[in-house]
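Okay, sequence plus prediction incoming.
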Amino acid sequence: MSEGRVVIVTGAGQGIGRAHALAFGAQGARVVVNDVGSAAEDVAAEVRDAGGSAVASLGDVSDWSYGAELVRTAVEAYGQLDALVNNAGLVRDRMLVNMSEQEWDLVLQVDLKGHFVPMRHAAAYWRDQSKAGTPREARVVNTSSGAGLMGSVGQGNYSAAKAGVVALTQVAAVEMSRFAVKLNAIAPAARTPMTEVVFAQTMAKPESGFDPMAPENVSPLVVWLASADCDITGRVFEVEAGIISPADGWQHGPREDRGAQWPVEEVGPAVRRLLEKAPPPVPVYGA
C-alpha cells in the first residue's frame, strides 16, 4: 500500500511520530524523518536497520524557510513527495489566568503554524506537479487532539491550536482538491512523553497482553490515510487502542427566524427554546 511512496513525518524523533516513521518504513515507504534535534537521525537509522529507507531532516517546522527545505529534502533524496504527516507538537499547560504570553505563542507557533508551514510548501510542490501534467496522488494527515475537538481544562493554548488544525484541514481539503490532494486529520490518544506524566495512570503500560496506549496503535490509520488507496478527504478520526471513530464537528442547529430584528427582551426566551431542541455539547475534558 505504501511501497515506494515518499512520506515526510514531522516530530518523528519520539512517541507517535516515531511510531509512524517505523510503520511507513515497514510498509515500504521512503521516509523523511523530521525533528528539531538529533533524535530524527536515530529514528531514520532505526527505519534503515529494519530494512527500510529513510533520511533525517533536522529543523523547526514552524520556520518558513525550513518548511521549504523540508520539502526539497524529500524531492532531492527520492525524486518526489507523496504524503505529509504533520505530527510535531508540544504542550505548555496552564490555567488561562496563569498562562504567559510566551506559553500561548509557543504552542500556537509549533502546533498550528507548524502544520501550516510544511503543508503550504508541499501544496506548492503538488500544484506545480499538477500544472506540469504529472499530478501525484498526494495525501496529508494532520494531528489534532481530543482537546481540539472538545476542549481541555488547563490547556487553553493547546486546545485552540488543535481546534485550528481541524479548521485548517477542512479548508485545505477543499482548496487542494484541485491538485488531487486529499487531507484528513486524526485526534489520537496514546502514551507519549507529553501524556505519560500528566495522565500517568491512564497511560501506564500493562504488565502483559495488549497495550492499548502504545503509540504504534495509532499508526495503521495514518499509513492508510497517507496511501493512494485513501479516497476520503476533509474528515477527522479519533483513534486510540483498537478504536477508530469519525468525529463530527460543528453543524447548523435549530433556528427561529422572526423576519425582523429581535427585541432584546425576546432574545433570552428564543435562545432557551432553541437550546431545548439542540443536542447538548460534549463536556470539556477536565470539567
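That came in fine, so what should we check first? Computed from a predicted structure; not experimentally measured.

where along the chain do the helices fall?
Applying DSSP state H to the chain gives helices spanning 15-26, 39-49, 64-78, 101-108, 114-131, 146-150, 156-175, 200-203, 219-225, 264-277.

Of these, flag the one that's most buried.
Comparing these by mean neighbour count (mean count of other CB atoms under 10 Å), helix 15-26 ranks first with a mean of 26. The C-beta positions use only the backbone N, C-alpha and C, and glycine is treated the same way.

And for that helix, what's in contact with it?
2, 7, 9-12, 31, 33, 35, 39, 43-44, 46-48, 50-54, 85, 87-88, 143, 188, 190-194, 214-216, 218-220, 222-223, 226 (CB atoms under 8 Å, 6 or more residues apart in numbering).

Sitting in strands, which of these do you find?
Per DSSP state E, strands hold the following members of the contacts of helix 15-26: 7, 9, 31, 33, 35, 53-54, 85, 143, 188.

any idea which of those residues has the most stuff around it?
Within the ones in strands among the contacts of helix 15-26, neighbour counts (other CB atoms under 10 Å) peak at Val9, which reaches 35 neighbours.

which non-adjacent residue is nearest Pro254?
Using CB to CB, 6 or more residues apart in numbering and skipping residues adjacent in sequence, the residue nearest Pro254 is Lys277, 4.1 Å away.

quick one on the thing from earlier: would you single out the least confident of the helices of the chain?
Lowest mean pLDDT of these: helix 200-203, a mean of 59.

residues contacting Val43?
So Val43 contacts 12-14, 18, 21-22, 33, 35, 54, 56 (CB under 8 Å, 6+ apart).

How about Glu276?
Glu276 neighbours (CB under 8 Å, 6+ apart): none.

Next one: it from Ala132, what distance?
Relative to Ala132, Glu276 is positioned 56 Å away (CB to CB, to the nearest Å).

Next, count neighbours for Ala187.
Counted with other CB under 10 Å, Ala187 comes out at 23.

Would you agree Asn217 is in contact with Ala189?
No. Proximity of Asn217 to Ala189 does not meet the contact threshold set by CB atoms under 8 Å, at 9.2 Å.

quick one: common contacting residues for the two?
By CB under 8 Å, 6+ apart, the residues touching both Asn217 and Ala189 are 239-241.

wait, which of the residues you listed is closest to Ala247?
Distance to Ala247 across those (CB to CB) is lowest for Val239, with 10.0 Å.

Just the local confidence number for that closest one, please.
Per the predicted model, pLDDT is 97 at Val239.

Of the shared contacts of Asn217 and Ala189 - the most surrounded one?
The residue in the shared contacts of Asn217 and Ala189 with the most neighbours, by other CB under 10 Å, is Val239 (20 neighbours).

Beta-bridge partners for that one, please?
Residues in a beta bridge with Val239, per DSSP bridges, are Pro188, Ile244.

and the gap between it and Ile186?
For Val239 relative to Ile186 (CB to CB), the value is 5 Å.

Quickly list what's touching both of the two.
Joint contacts of Val239 and Ile186 (CB under 8 Å, 6+ apart) are 218, 221.

and the closest residue to Gly154 other than its chain neighbours, backbone torsions?
With CB to CB, 6+ apart as the criterion, Gly154 has its nearest non-adjacent residue at 5.1 Å, and that residue is Asp93. When read as degrees, to the nearest 10, the backbone of Asp93 gives phi -70, psi 140.
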